[in-house]
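Colleague: quick one, what's the 3D model for this:
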Amino acid sequence: MLRSWKSAALALLLILASFTAFVQPLQAESTTINLSEDEGPVGMEVAVYGTIETAGGKYQIYWDHVKPWDGRSGLIAEGYAEGNTYATVITIPPAYRGVHHVIVLDVMAESTAAATFNVKPEMRVEPDRGPAGLKVKVSGHLVNNEVIDIIFLNPATGDYSVVVEGAVTGSDGYFEAWFNVPQVDPGNYTVQAFLDDARPPGTPEAETPFTVLESPAIALTPNEGMAGDLVTVQGFNFAPNSNVTVYFEDEMVAAVEADDAGAFTASFNVPEMPYGGYAVKAVDDIYNIPAEASFTVHEAEISTRAALYLAGDTLSFNVKCTGRFQPNSEITIAIVDPEGVPFKTLRISADEAVKVGEWYVLPYGETVATLPSDATEDEWTWTANFRLECTPDIERTALKGDVAVINTTLGMIEVDVETLNAKVTEIDGDLATVSTALGEIQGIIASANATILEVIVPRLGTINARLTGVEQSSARVVATSTALATIFYVAIAIMVASAASSIMTLITVRKKA
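Modeller: Numbering: from 1, shown residues only. Reported below is the predicted structural model:
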């Protein structure tokens, strides 16, 4: 592995070395060696310079052992001194992590000198941040011709996953492999390379940081309705400025570009589908990790119980729907004669509906109207309008001052923090479990007094919670409060109507014989 100096950055060093040789006596007292750097990665260029005893003599530079190069150690550079001074550049060869020796040999005098170099192999992950499930490339230069494994380590807990097994470094020590980021919580992690079968807590050959980001997520407004209804999709945590495609099952229904923060808003009309639950997915062209939400397509059947009526007959409507009608709302059926003159609008309380099997059905007596005895003979028109109840997707919750801000598919909702009813229900070491009206959350204990515990919740900030059912003495002060941020996926049920739906059809009226 012979290398001689060529780096322009070392030109000044060589000039100085030549000048030193000019002013020195013809015979140096000893052989010496110096390195411009004493630690670094495989592949790094390092200047080697010093003196040899033989003026103008031949020198040779060796890695670890004075012998011909065998792929791991041996001769790596040679040349002739300028006077008694020499200078050259070597490239750090593939090597195990740790201390190695760089040796200079005065060939004529057979004298040597050595310096140490601490090899710290480097590797990188591209990209170095992204959500769980993202496919990433890991590469680097390590010791050559070795089998290595790559692990994904949580440095806070010591837990790890083996993400690459049996990768092999080349003759130059280079390797590359691909893996998917494990399904772990957002945070800071370390990717480490170990020689085959070695594992933590041993020392890795190389390591590099990786930041796991929040996974892409979508929320639907509404998340249930009828075929043809307009649905708004809000997306979060997608790749910034990526192209996002939205699918209803396998049918593409929208395309949009995410903003600088990876957020977007799109809309689509629900395809014609039978009653049932369906997957709405959004995927970008960078992360390529689908985010999914469910949408329920409902069916409504509103029709007259007969196809033909005579003047003076009583109209009777069959009203039923797979979805629950919005409480306290009205179902209206507007009837118009053949000339467009309004006849009557039935207004039925949605609360009258009863559940029969999979259907919400209105009783017979609530859906009737009597035609006049002189009703115009021809086709009459009626239109029914109704609202369905739905549960919005909850996307995130934040605390601002004394107000809890809940971002749902219905928009922002603000709640007095006092209504959160935050109480500490369990303490395990530094970790406190806080029960709130929005569900349980966990955070690190920041400070405590006789009755109040300040808890730091990642991505949320601090919550002051009452100590309940735990010993105050077990609360251990860890740190001061941190800045406000956001906590995701707090479960809360809020019922609200979806967009109104309507059905329009005809009634045929004939005169009595």
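Colleague: my guess is residue 255 contacts residue 242. True?
Modeller: No - under the criterion of Cβ atoms under 8 Å, residue 255 makes no contact with residue 242, lying 11.3 Å away. C-beta: built from backbone N, CA, C; applies to glycine.
Colleague: more neighbours, the two?
Modeller: More neighbours sit around residue 242 than around the other of residue 255 and residue 242, counting by other Cβ atoms under 10 Å; the figures are 19 against 12.
Colleague: who's in contact with the more buried one?
Modeller: Counting by Cβ atoms under 8 Å, 6 or more residues apart in numbering, residue 242 makes contact with 257, 258, 262, 284, 285, 286, 287.
Colleague: what segments of the stretch 101-250 of the chain are strands?
Modeller: 111-119, 122-126, 129-131, 135-141, 147-153, 160-168, 174-180, 187-195, 206-213, 217-221, 224-226, 230-236, 243-248 (DSSP state E, counting those that start in this stretch).
Colleague: most tightly surrounded among those strands?
Modeller: Among those, the stretch with the highest mean neighbour count (mean count of other Cβ atoms under 10 Å) is strand 224-226, at a mean of 23.
Colleague: that strand pairs with which strands, and in what direction?
Modeller: Looking at strand 224-226 with DSSP bridges, its partner strands are strand 291-298 (parallel).
Colleague: ok, and what's touching the partner strand?
Modeller: By Cβ under 8 Å, 6+ apart, the residues outside strand 291-298 that reach it are 215-220, 223-227, 231, 233, 235, 237-238, 248, 270, 273-283, 321-323, 388, 393.
Colleague: again, but for stretch 331-343
Modeller: Outside stretch 331-343, the residues that touch it by Cβ under 8 Å, 6+ apart are 302, 315, 317, 319, 325, 344-350, 362, 367, 369, 371-372, 375-376, 378-386, 507.
Colleague: now the buried members of these.
Modeller: Burial by neighbour count, judged by 16 or more other Cβ atoms under 10 Å, picks out 302, 315, 317, 319, 325, 346, 348, 350, 362, 367, 369, 371, 375-376, 380, 382, 384-386, 507 from the contacts of stretch 331-343.
Colleague: element containing residue 319?
Modeller: Secondary structure assigned from DSSP states H and E places residue 319 in strand 314-321.
Colleague: hang on, residue 277 in a strand?
Modeller: Yes - judged by DSSP: H, G, I helix; E, B strand; the rest coil, residue 277 forms part of a strand.
Colleague: what's the separation between it and residue 370?
Modeller: 41 Å (Cβ to Cβ, to the nearest Å).
Colleague: coming back round to it: would you mind checking the contacts of residue 242 for buried ones?
Modeller: By the neighbour-count criterion of 16+ other Cβ under 10 Å, the contacts of residue 242 include these buried positions: 258, 262, 284, 286, 287.
Colleague: how about TSV for the residues you listed, with distance to residue 120 added?
Modeller: Listed next are the buried ones among the contacts of residue 242 as TSV, based on distance: Cβ to Cβ, whole Å:
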residue	distance to residue 120
258	38
262	34
284	36
286	32
287	31
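Colleague: quick one: residue 351 is in a helix?
Modeller: Yes - the assignment for residue 351 is a helix, going by three-state DSSP.
Colleague: contacts only, for it.
Modeller: If you count contacts by Cβ under 8 Å, 6+ apart, then residue 351 has 327, 328 around it.
Colleague: may I have the predicted confidence score for it?
Modeller: According to the per-residue confidence, residue 351 scores 92 in pLDDT.
Colleague: look up how far residue 306 lies from it.
Modeller: Residue 351 sits at a distance of 27 Å from residue 306 (criterion: Cβ to Cβ).
Colleague: circling back: residue 174: which of the buried ones among the contacts of residue 242 is nearest?
Modeller: residue 286 (26.1 Å; Cβ to Cβ).
Colleague: quick check: chain neighbours aside, which residue is closest to that closest one?
Modeller: residue 239 (3.6 Å; Cβ to Cβ, 6 or more residues apart in numbering).
Colleague: count of residues packed around that neighbour?
Modeller: Residue 239 is surrounded by 21 other residues when neighbours are defined as other Cβ under 10 Å.
Colleague: if we can go back for a sec, for the strand holding residue 319, packing partners?
Modeller: If you count contacts as 3 or more Cβ pairs under 8 Å, 6 or more residues apart in numbering; DSSP states H and E, strand 314-321 packs onto strand 300-304, strand 330-336, strand 359-361, strand 368-370, strand 378-386.
Colleague: list the contacts of residue 216.
Modeller: Under the criterion of Cβ under 8 Å, 6+ apart, the neighbours of residue 216 are 131, 235-238, 262, 282-284, 287, 289-291.
Colleague: with adjacent residues omitted, what lies nearest to it?
Modeller: Spatial nearest neighbour of residue 216, chain neighbours left out: residue 291 (4.0 Å); criterion: Cβ to Cβ, 6+ apart.
Colleague: any low-confidence regions in the chain?
Modeller: Applying pLDDT under 70 to the predicted model, the residue ranges of the chain that meet it are 1-29, 390-507, 509-513.
Colleague: mind checking the SS state of residue 100?
Modeller: Of the three states, residue 100 takes strand under three-state DSSP.
Colleague: from what I can see it touches residue 115, true?
Modeller: No - the pair formed by residue 100 and residue 115 falls short of the contact definition of Cβ under 8 Å, at 9.9 Å.
Colleague: care to break this protein down by domain?
Modeller: Structural domains annotated on the chain: 8-119, 122-213, 217-298, 300-390+500-510, 394-488, as defined by automatic domain parsing.
Colleague: sorry, back to before: angle of the strand holding residue 319 against strand 378-386?
Modeller: Taking axes from the mean of the first three to the mean of the last three Cα atoms, to 10 degrees, strand 314-321 and strand 378-386 form an angle of 40 degrees between their directions.
Colleague: can you list the strands that strand 314-321 pairs with?
Modeller: Take DSSP bridges as the rule and strand 314-321 pairs in its sheet with strand 300-304 (antiparallel), strand 359-361 (antiparallel), strand 368-370 (antiparallel).
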